[in-house]
Every structure is written in C-alpha cells, then in structure tokens.
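Chemist: Pasting the sequence and the predicted coordinates here, then a few questions.
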Amino acid sequence: GDKAEKSASKEMQQLHDMSSFFPRYAHSLTREERMRALRTLIFLKEKRTGAVKSRTCIDGSPQQEWIPKEDAAAPTTSTDALFITGAIDAFEKRDVAFADMPGAFLTSVTDEKVIVKLSGELCELMVKVDPKIYRKYVTLESGGRPILYVELYKSVYGLLRSALLFYRKFKRELTEYGFTMNGYDPCTANMTTKSGHQITVLWHVDDVKVSCVDSFEVTKLLSYLNKLYGGKIVAQRGKKGEYLGMNLDFSEEGVFQVDMIVYIKNMFEEFPEELKGSSPTPHVDHLFKIRDEEDASYLSEEEAQQFHRTTAQLLYLQCRARRDIQVAVAFLTTRVRHPDQDDWGKLKRVLKYLKGTLYLKLRITVDNLSSSQWSIDASHGVHWDCKGQTGAGMTLGKGAVVSFSRKQKVNTRSSTESELVGVDDAMPTVLW
C-alpha cells in the first residue's frame, strides 16, 4: 500500500541524491548494450515495528558470463573471529557498538561500464524524483511498458563486484585512520590508541562491530565513519545488540551470551507441521543408522525441498548460537540429496529439542587469554559407509568459542586411525 510506495520512493530518492547513475537515451546505446542491460529490482520488508524497509538491487546474475568468480569475491569476517573477539570484549569489559551503514555500496565508485534499465513502476517512481531530468529519457517497450536506461556511476547492491569494491574502500579508510589489518581474518582490524587501549573493528559487508575499553574511542571512530558516510550511520550502543541475526549480550560481567530466539521462532512458523511436545535431546543413539534402499520410504519432492531448507537453516544456527545441535545437523546435511521418512523424524526431533530449549543461550567466559584449550575426539566407523565422525572445540574458560562436528572424508581401519584423522581435520583451525 501507501507505506510501501513511500518507502520505495525514498529509496529512489537516495539513488538520485547520491549520484548513483546518469540517464542515457536508448538510441545512444548499442544493440549489445541494450541487450546486456541489467534489470533493477526492489525488495520490500515490513519490520517488527511496522515500518517498511526498501532495498534496491541490480540483478547482476548475467554478469557471471563475463566476470570470473575470483574477480568478484569479497571477504567477510569469520564466525570464529566474531566469537573470539566477543569473548575478549566481555573479559576486558569493553564498550561495544554495532553500526549499520545504509547505502554503503553507493559510496563506492564502480570501475566498469554497467547499463541498467528501470521499467514499469520503478521507472515512474524514478521520474517522480526529478521529472525535468528523467522524463525525456523514458521510452516505451513493445508492450507499452515505460523503460529508463541509466549508466551506473556507483556500486549498487546486486552487482557482482559491488561488495569487493566496498571492501577495498572500507579497508583503505580504516588504514588511513590508523588501523592495522589482522593477519588471520581479512575483515578484522586493530589499533592501539594514544591512551594505550586496543580498539577492534569487525565488519561483514556494511555491518560493523566496534569495541574498546575506552568508550570515547568508540564514539570517536563512529563519528569518523559518520562523516564519511553522510551522517546516516545507525549505531547500537549498550550491553546488548543485534549483529548478523544474533543477539549479543554483555550485560552480565565477564560473560558473553549469544542467542537466536527470534530466528528459531521463525523456523517453527515456516515448518509445515505442528511440533507437538518437546524432546530432551537433539538426537538419540541411532542417529547415524539408515535403512537399505529397498526398505526406505523416501520423501516427496516437496517434502524433500522443505527438508533441505530446514536443514540449511539449522546449519546456520548450529555454528553460531546453538552448538548443542552440531552432531545432529552434521548427519542431516549428509541426507539432503535423498531423505527418507526416518530422516524427517530425526529433523523433527531437533526442532522439538529447540522448542523445549528455546531460551537456552550460549554462555562464554574467559579465564586466561594467553591459553586456549582444544578438545578433539573421533567416533570410528559410525556412518553407513564406515566413515567416522570428528568433533572439536576450543575454549578460553567456559563455553565453546570455536567448535564443529563433521563426517570424516576418508575410511579408516581402526579407532586409533580415526583419532589421527580427527586431529588432522581440526588442525587447520587449531593453527589458525
């Protein structure tokens, strides 16, 4: 309705105000340029507050034909780096801030020629922003649909290289401020302030986490970024904050708590079956056992797709706030290609366990920052193809800062050999 149109108009106004592109006459473009012109999309989302948020995006998928992956890949901060720094923040009683930079990509200048078309309602919305500029460039498609061709000047969301260009720009801005990039994570930077305190920045595309014992240094950095990005940065300050879909809580002294309660509730709402009751554990002892093909009752295509989707959601959850379901999820990920009714039951058990422990939070504390302790173990031949399972976790005191559980990739002849393979599986992360 009107809320959506106002939000979309605001998004179009932002593109105009930030000189994201300039219009082109259709006849001034070659036939190939018109054919390769990328579509413009706009996504609308209603927030819990009732406000409608718009995000303009270019459909950059056709660019895969001429841009190799290695020329478009942009790094993001690792989950492990986020949890390690979160534990340090709690231990050192740092002031933590989470910042979102609206329209961040629009601050990066593109280094390629990109023609984009706005058609239909988006074309009309753009014309309403400034009719004197855009109306004369509008032409009609064969079906009478209005269309506006523009050439991009800024890196709009959706282009294959937008994230990479913004990463390079943001990294350069932090370096100019005085930060040094961390050698072990491409999206973590540290700086020692004049007062002798360390300030740390993590970023995942345009979502930034800043921490320092001296709260003034956090404010000072946010002011610097605010000036660079047009005063539009939205920052969360205090003991609690939302970051990358997780609720991060520092309210209890020395404790770093993480939960994804809202995410889990959304999973329950999306799941097609009603979950009656709860389960005391995420799996039972026959988790790894599967039926022979002739005895199995396989899921329908629609059920198999839902199984795959829910398993992917659990995979995202288990490496963040809910480390207690890692073993069950590790098995479910091996069954997404051809799941049967038994797998469906095992999936439901994980969900019922989450239902019964919905408000369980991951709690991490640090005893000593100079001592990280790893525990690595393996189960021999537990899978149907006689492969083993590796489990590993690192702690700095209490709670797993880093952990994983995964199926081994090679067959072994003894439990001793499985243990060696397990250590080898974990060693890259241990060394990191």
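Modeler: Great, that's in hand. Numbers count the residues shown, from 1 in each chain.
Chemist: Tell me where the stretch 1-150 of the chain has helices.
Modeler: Ranges of helices in the stretch 1-150 of the chain, per DSSP state H, counting those that start in this stretch, are 2-17, 31-35, 79-91, 121-129, 131-134.
Chemist: So which of the ones you listed is nearest Gly238?
Modeler: With Cβ to Cβ as the criterion, Gly238 lies closest to helix 79-91 of the helices of the stretch 1-150 of the chain, at 12.8 Å. Bear in mind the C-beta positions are built from the backbone N, C-alpha and C, glycine included.
Chemist: ok, residues contacting the closest one?
Modeler: 94, 96, 182, 184-185, 187-188, 200, 202, 209, 211, 243-244, 248, 250, 254-256, 258, 319-320, 364-366, 369, 396, 401-402, 429, 432 (Cβ atoms under 8 Å, 6 or more residues apart in numbering).
Chemist: same deal with stretch 362-374?
Modeler: Contact with stretch 362-374 is made by 83, 86-88, 90-91, 254-259, 321-323, 392-401, 426, 430, as judged by Cβ under 8 Å, 6+ apart.
Chemist: Type out the PyMOL command that picks the buried ones from these.
Modeler: To isolate the buried ones among those in PyMOL, judged by 16 or more other Cβ atoms under 10 Å, type:
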select buried, resi 83+86+87+88+90+91+255+256+257+258+259+321+322+323+392+393+394+395+396+397+399+400+401+426
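Chemist: and the helices of the stretch 1-150 of the chain as TSV, adding distance to Arg291?
Modeler: What follows is the helices of the stretch 1-150 of the chain, written out as TSV (distance: least, Cβ to Cβ, whole Å):
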stretch	distance to Arg291
helix 2-17	49
helix 31-35	52
helix 79-91	34
helix 121-129	52
helix 131-134	63
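Chemist: Out of these, which is the most enclosed?
Modeler: Highest mean neighbour count of the helices of the stretch 1-150 of the chain: helix 79-91, a mean of 22 (counted as mean count of other Cβ atoms under 10 Å).
Chemist: For it, what is the distance to the chain centroid?
Modeler: From the chain centre to the centre of helix 79-91 is a distance of 17 Å (Cα atoms, centre = their mean, to the nearest Å).
Chemist: go on, stretch 203-214?
Modeler: Here stretch 203-214 is found 15 Å from its chain centre; the criterion is Cα atoms, centre = their mean.
Chemist: what's the span of that stretch, first residue to last?
Modeler: 20 Å (Cα to Cα, to the nearest Å).
Chemist: how close does the residue nearest the centre of the chain get to His308?
Modeler: Residue closest to the average C-alpha location in the chain (Cα atoms, centre = their mean): Leu244, at 5.9 Å. Noted for Leu244: a distance of 23 Å to His308, by Cβ to Cβ, to the nearest Å.
Chemist: okay, the helices of the stretch 1-150 of the chain in TSV with mean pLDDT and distance to Asp111 next?
Modeler: Putting the helices of the stretch 1-150 of the chain into TSV (pLDDT from 0 to 100; distance: least, Cβ to Cβ, whole Å) gives the following:
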stretch	mean pLDDT	distance to Asp111
helix 2-17	88	19
helix 31-35	91	18
helix 79-91	97	28
helix 121-129	91	24
helix 131-134	94	25
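Chemist: Quick one, which of the ones you listed gets closest to Ala235.
Modeler: Closest among the helices of the stretch 1-150 of the chain, using Cβ to Cβ: helix 79-91, at 15.8 Å.
Chemist: hey, C-alpha coordinates of that closest one in CSV?
Modeler: Extracted in CSV, the C-alpha atoms of helix 79-91 (Å, rounded to 0.1, in the frame of the first residue of the first chain):
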residue,chain,number,x,y,z
THR,A,79,32.1,-16.5,12.7
ASP,A,80,35.1,-17.7,14.7
ALA,A,81,36.6,-14.2,14.7
LEU,A,82,33.3,-12.8,15.9
PHE,A,83,33.0,-15.2,18.8
ILE,A,84,36.7,-14.8,19.8
THR,A,85,36.5,-11.0,19.9
GLY,A,86,33.2,-11.2,21.7
ALA,A,87,34.7,-13.3,24.4
ILE,A,88,37.6,-10.8,24.7
ASP,A,89,35.1,-7.9,24.8
ALA,A,90,33.4,-9.5,27.8
PHE,A,91,36.6,-10.4,29.6
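Chemist: got the contact list for Tyr134?
Modeler: Pro23, Met126, Val127, Leu148.
Chemist: from the residues you listed, which single one is nearest Gly422?
Modeler: Closest to Gly422, out of all of the contacts of Tyr134 and judged by Cβ to Cβ, is Met126, at 57.2 Å.
Chemist: In contact with the closest one, which residues are there?
Modeler: Contacts of Met126 (Cβ under 8 Å, 6+ apart): Met12, Leu15, His16, Leu118, Tyr134, Leu148.
Chemist: repeat that with 10 Å
Modeler: Contact analysis of Met126 by Cβ atoms under 10 Å, 6 or more residues apart in numbering lists 9, 12-13, 15-16, 21, 23, 40, 118, 133-135, 137-138, 146, 148, 150.
Chemist: Same check on Gly60?
Modeler: By Cβ under 10 Å, 6+ apart, Gly60 lies in contact with 38-39, 67, 72, 114, 116, 156-162.
Chemist: contact partners of stretch 307-315?
Modeler: Counting by Cβ under 10 Å, 6+ apart, 263-264, 266-267, 270-272, 282, 299, 322, 325-326, 328-337, 339-340, 343-344, 347-348, 350-351, 354 sit against stretch 307-315.
Chemist: before we move on, the earlier item: so which of the helices of the stretch 1-150 of the chain gets nearest Gly422?
Modeler: Comparing those by Cβ to Cβ, helix 79-91 comes nearest, at 18.5 Å.
Chemist: Leaving out sequence neighbours, find the closest residue to Ala73.
Modeler: Leu164 (6.8 Å; Cβ to Cβ, 6 or more residues apart in numbering).
Chemist: need the contact list for that neighbour.
Modeler: So Leu164 contacts Asp71, Ala72, Ala73, Ala74, Pro75, Ser108, Ser155 (Cβ under 10 Å, 6+ apart).
Chemist: Is there a neighbour count for His286? I'd like the number.
Modeler: Residues within reach of His286, counting by other Cβ atoms under 10 Å, total 9.
Chemist: residues touching it, list them.
Modeler: His286 neighbours (Cβ under 10 Å, 6+ apart): Asp342, Lys346.
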